[in-house]
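Chemist: what follows is a predicted protein model with its sequence.
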There are 2 protein chains.
Amino acid sequence: MTAHERRGGGRRSKASRSGGGIPQLPWQHVTNPYAPMQLLNEEQMDKLHRTSMRILSELGIRVMGEKVLALFETAGAIVDRNENIVRIDESLVMAALKTAPSSFTLTSRNPDKQITLGGNSLVFGLVAGPPNVHDRINGRRQGNLGDYENFIRLAHHFNAIHIIGNQVVAPMELPANSRHLDTYRANLTLSDLSFHCSAIGRGRAVDSIAMMAIARGITVEAMRASPGVTTIISVNSPRLFDEAMAEGLIAMAEHGQPITITPFTLMGAMTPVTLAAALAQQNAEALFGVTLTQLVNPGTPVMYGAFTSNVDMRSGAPAFGTPENTKANIVAGQLARRYRLPYRTSNANASNAVDLQAAYETGMATWGAVLGGANLIYHAAGWLEGGLTASYEKLILDVEILQNMIEFLRPMPFEEDDLGFEAIKAVPTGGHFFGSEHTMARYETAFYRPMLSNWQNYGSWQEAGGHDALERATLLWQQALHDYEEPVMDPAIREELDAYVTRRKEEIGAGEP
Amino acid sequence: MTAHERRGGGRRSKASRSGGGIPQLPWQHVTNPYAPMQLLNEEQMDKLHRTSMRILSELGIRVMGEKVLALFETAGAIVDRNENIVRIDESLVMAALKTAPSSFTLTSRNPDKQITLGGNSLVFGLVAGPPNVHDRINGRRQGNLGDYENFIRLAHHFNAIHIIGNQVVAPMELPANSRHLDTYRANLTLSDLSFHCSAIGRGRAVDSIAMMAIARGITVEAMRASPGVTTIISVNSPRLFDEAMAEGLIAMAEHGQPITITPFTLMGAMTPVTLAAALAQQNAEALFGVTLTQLVNPGTPVMYGAFTSNVDMRSGAPAFGTPENTKANIVAGQLARRYRLPYRTSNANASNAVDLQAAYETGMATWGAVLGGANLIYHAAGWLEGGLTASYEKLILDVEILQNMIEFLRPMPFEEDDLGFEAIKAVPTGGHFFGSEHTMARYETAFYRPMLSNWQNYGSWQEAGGHDALERATLLWQQALHDYEEPVMDPAIREELDAYVTRRKEEIGAGEP
């Protein structure tokens, strides 16, 4: 049975429609059945590749961290110890691509929610990283653990969200050197999804692996063959890997946990203003990180990450969901497939409010990601204000956009009966199909049923209060939190998790950064 | 020089950026350089085609109008005179497709604004048909000539709008049988764009041809070789052409003016609930109309029109911008190309307000249309509330969406200098490209500059009033109306137009419907 057949059988089951809850699609493995879009031809792709190789071999990447320098040196790279610059040639990159798998899985404590990253799979990740949080009732405020936990509940409740990002909001009231333990615990107890850990230093990475192992009731060693957490390694573009990130990368790779290498490449700021140059630089930086993962531990699952957008050249402010960002999302997919790597990108926006701009920028970026054949769309639910705010209403908007996309990607049924000749024959010219047998047999499941869209006529809509989609979004996240059910966890496992957190907090004290 | 080269040279010229006006892209011939998306494979396309042919030959189409029946009878169709049902076989359709051109032009009184419909051209049309109008200052009200004229001014002002639809709002205060004359005059005097005429009956079609001829200073006869107006013939699906529409079609075809045949096919209401059946029926109805145009006058330019979406099965209310509508937009393009006909579709939405829903539904439908290789996206600017309201703020939102799409469709520059190796070399690791020579030479034109998006940081945005995109849209249409410049018209032509309207109003009196 294919994923789509399973989906066809399971979608809009009684369970998901009953009880007056918010209508939503069931949990499903989303696959993209269509050929990815090709914006560049083979010649242009070769030019990009060659430019990237020149960047790596002639200019090199600066790496902070002795371990990394030593690894590259051993592998035959040219290492400039004065500048900490590593120059690698194409053969080193190609050797790494031979051992990097083209697809991998992530397994959480609920094996039914295992996700695949690679092939034509498509996974949506929760927003990650904002220092602030916003909703229309309480306004904009600093991130805190209460809101953090709510976002995890929403991610668990909405089936369109497949994986939790790294710190959906920063719980700013907690000590910076141990708050990752509180957020990991929230991820593992309030949801049954896999998650991204923080890879700023070795400790945060190892803690996530240990805690996921506890939640799954397996050993850290067993996680090697069945990864459960993942991380994003951001490159400090242009051409710089800092030491904490390198240490996080090494820790993850040593444990066989998947890593995404994502250059942070805003055209005009961290790269040249031209899209071709930005893509060449992004490609060089991503492939450098990919190579490093394979030097640490050949076979480590690694994703090709892209985060290329532009800035507002009048202010330097970042912009997302622009035409340039959309093109970058598509071409980055062409590059990832060239190297047979799973592909991660985002569907970000730069709006300060959950408004028309947030909607159309997110839409543009989402289409770019999907047409580009993305395997992971990160920040896919809840990202606002260029990533500085996690928004409750934006999460609702995004889930609707993601569900629309899931339905768009569902292949069209095409059996004889779907072609409907007999049904058309049975209705007179100028008549209607509302009561026809063909309709009655299918009307409950024929079309995607949205949660946010309102299709009442104007009069009925006005009578019901005339609430626009933003107002409805506020009602929806409140209802979702109300309807949320915490996934059951064995008390012994819960105890073990708590004990781990307590012990590690004591160990960390004020001693770790 | 290709269209894109012309665009490259002309875009963001000083003229379009000077004077503090709203930044916008210049008038341009938009082309879609990418291969259209294929949702259906060849076997599925054949099944659709065969089902459509069975609908036409076994079930037939009901046509109100003696002329049409006679035309089909002469051509060898099987005509049931009791039921007014015409049954045609595939050979008749194929003969028509041999004489229908695959591409045509429309020329308005400004030859620089000639548009091409066919090939990989992409043309955006103003909203057409709503009885109501809305803006945030004056609220929702009945259509009237004052608002009608404002929409024509906005269509003229914004370069992303290439053609005026048929009655952007109905001027309800004017007599129904002659208001088309007032709207045609507004189209011709307040803008220099081509437009869709009303084809409800022969008179309205002939008036539009005569008035465009006057505005262009040519004869009606000369318009035959150089069409200037066009129309949409809507099919009363399922399988019914009414008499007034048939007469309008005949009048247009006799004068060599282009026609779009658009079945109005909402799945679950006017077609079966299944998408495959809806497309088969749409295809049969469209091809029937195409065949009729060629029987009237072989060689008449004719477009393949699609308007397939779904209804809310709980209420019967129409829905647009749904996943089903998006798929239909893509497959209809596959069908149009199979028959080598230019392709018209829409990017409609069903929201009652200019809100998140309006934005994401419009975005979904727009992507479906563009990926489907649409040549004309009708209702592309200003459509709200399922087509019952023309909205000023929605027009602004739409122009931004269309401009984003125009920029997305611009091929990526890929010269050596665009690849930027030397620029990357010149910036140290961890540095930035803001002041680099490569950036300075390009920063003004490197990226699309939006009119509606705001990329200020949160603090600056708040200080400036914290206006969301909807509030900014209100300011923008007001500014556009303020900045609008009426295109110059020879007073003698203006006089002739006025005289035509006066004479025709006298002729019509209360005598024509």
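Modeler: Now that the structure is in, tell me what you want to look at.
Chemist: pLDDT weak spots in the stretch 1-150 of chain A?
Modeler: Filtered on pLDDT under 70, the stretch 1-150 of chain A yields the residue ranges A:1-19.
Chemist: which bits of it sit near chain B?
Modeler: Within the stretch 1-150 of chain A, the positions adjacent to chain B are A:34-35, A:37-40, A:44, A:47-48, A:51, A:54-55, A:58-59, A:61-62, A:85, A:140 by Cβ under 8 Å from any Cβ of the partner chain. C-betas here are computed from N, CA, C, even on glycine.
Chemist: out of those, list just those in helices.
Modeler: Judged by DSSP state H, helices contain the following of those: A:44, A:47-48, A:51, A:54.
Chemist: setting the sequence-adjacent residues aside, check what's closest to A:Ala317.
Modeler: Of all residues not flanking A:Ala317 in the chain, B:Trp455 sits nearest, at 4.5 Å (Cβ to Cβ, 6 or more residues apart in numbering or on different chains).
Chemist: in contact with that neighbour, which residues?
Modeler: B:Trp455 makes contact with A:312, A:315, A:317-319, A:350, according to Cβ atoms under 8 Å, 6 or more residues apart in numbering or on different chains.
Chemist: apply 6 Å and report the result again.
Modeler: A:312, A:317, A:319, A:350 (Cβ atoms under 6 Å, 6 or more residues apart in numbering or on different chains).
Chemist: again, but for A:Glu385
Modeler: A:352, B:458.
Chemist: can you do 7 Å?
Modeler: A:351-352, B:458 (Cβ atoms under 7 Å, 6 or more residues apart in numbering or on different chains).
Chemist: switch these over to CSV; also include neighbour count, pLDDT and secondary structure.
Modeler: Below are those laid out as CSV (neighbours: other Cβ atoms under 10 Å in any protein chain shown; pLDDT from 0 to 100; DSSP: H, G, I helix; E, B strand; the rest coil):
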residue, neighbour count, pLDDT, secondary structure
A:Ser351, 28, 98, coil
A:Asn352, 27, 98, coil
B:Tyr458, 18, 97, helix
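Chemist: okay, the residues you listed in a markdown table with distance to A:Ile401 next?
Modeler: Formatted as a markdown table, the contacts of A:Glu385 follow (distance: Cβ to Cβ, whole Å):
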| residue | distance to A:Ile401 |
| --- | --- |
| A:Ser351 | 14 |
| A:Asn352 | 19 |
| B:Tyr458 | 23 |
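Chemist: out of those, which is nearest to B:Arg494?
Modeler: Distance to B:Arg494, by Cβ to Cβ, is smallest for A:Ser351 among the contacts of A:Glu385, at 44.8 Å.
Chemist: in TSV: the ones in helices among the residues of the stretch 1-150 of chain A next to chain B, plus distance to A:Ser178 and neighbour count.
Modeler: Listed next are these as TSV, based on distance: Cβ to Cβ, whole Å; neighbours: other Cβ atoms under 10 Å in any protein chain shown:
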residue	distance to A:Ser178	neighbour count
A:Gln44	48	19
A:Lys47	48	19
A:Leu48	42	24
A:Thr51	43	23
A:Arg54	43	17
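Chemist: from those residues, which single one is nearest B:Asn325?
Modeler: A:Gln44 (33.4 Å).
Chemist: contacting residues around the nearest residue in space to the closest one that is not next to it in sequence?
Modeler: Spatial nearest neighbour of A:Gln44, excluding adjacent residues (Cβ to Cβ, 6+ apart): B:Phe414 at 5.3 Å. Counting by Cβ under 7 Å, 6+ apart, B:Phe414 touches A:44, A:47, A:276.
Chemist: which is the next helix or strand following the strand or helix carrying the last one?
Modeler: Meaning A:Ala276. Taking DSSP states H and E as the definition, one finds A:Ala276 inside helix A:275-296. As assigned by DSSP H and E, the chain's next helix or strand after helix A:275-296 is strand A:302-305.
Chemist: elements contacting that following strand?
Modeler: Secondary-structure packing of strand A:302-305 (3 or more Cβ pairs under 7 Å, 6 or more residues apart in numbering or on different chains; DSSP states H and E): strand A:259-263, helix A:275-296, strand A:343-346.
Chemist: let's see 8 Å
Modeler: Counting contacts by 3 or more Cβ pairs under 8 Å, 6 or more residues apart in numbering or on different chains; DSSP states H and E, strand A:302-305 is packed against strand A:259-263, helix A:275-296, helix A:323-338, strand A:343-346.
Chemist: ranking the ones you listed by burial, who's on top?
Modeler: Counting by mean count of other Cβ atoms under 10 Å in any protein chain shown, strand A:343-346 has the highest mean neighbour count of the helices and strands packed on strand A:302-305, with a mean of 30.
Chemist: go ahead and confirm A:Leu171 touches A:Leu145.
Modeler: Quick fix: residue A:171 is Pro, not Leu. Yes - A:Pro171 is within contact range of A:Leu145, at 4.0 Å (criterion: Cβ atoms under 8 Å).
Chemist: quick one: contacts of stretch A:328-339?
Modeler: A:36-40, A:45, A:48-49, A:97, A:275, A:278-279, A:282-283, A:287, A:290, A:303-304, A:306, A:308-309, A:342-343, A:345, A:365, A:368-369, A:371-374, B:412.
Chemist: pLDDT below threshold where in the stretch 401-513 of chain A?
Modeler: Using pLDDT under 70, the flagged stretches of the stretch 401-513 of chain A are A:512.
Chemist: need the helices for it, in chain order.
Modeler: In the stretch 401-513 of chain A, the helices defined using DSSP state H, counting those that start in this stretch lie at A:416-419, A:421-426, A:437-440, A:458-463, A:469-483, A:491-508.
Chemist: the spatially most distant residue from the centre of chain A and chain B, how far apart?
Modeler: Distance from the centre of chain A peaks at A:Pro428, with 49.5 Å (Cα atoms, centre = their mean). Distance of A:Pro428 to chain B, given as Cβ to the nearest Cβ, to the nearest Å: 8 Å.
Chemist: check contacts around that residue.
Modeler: Going by Cβ under 8 Å, 6+ apart, A:Pro428 touches B:Pro238.
Chemist: thanks a lot, see you next time.
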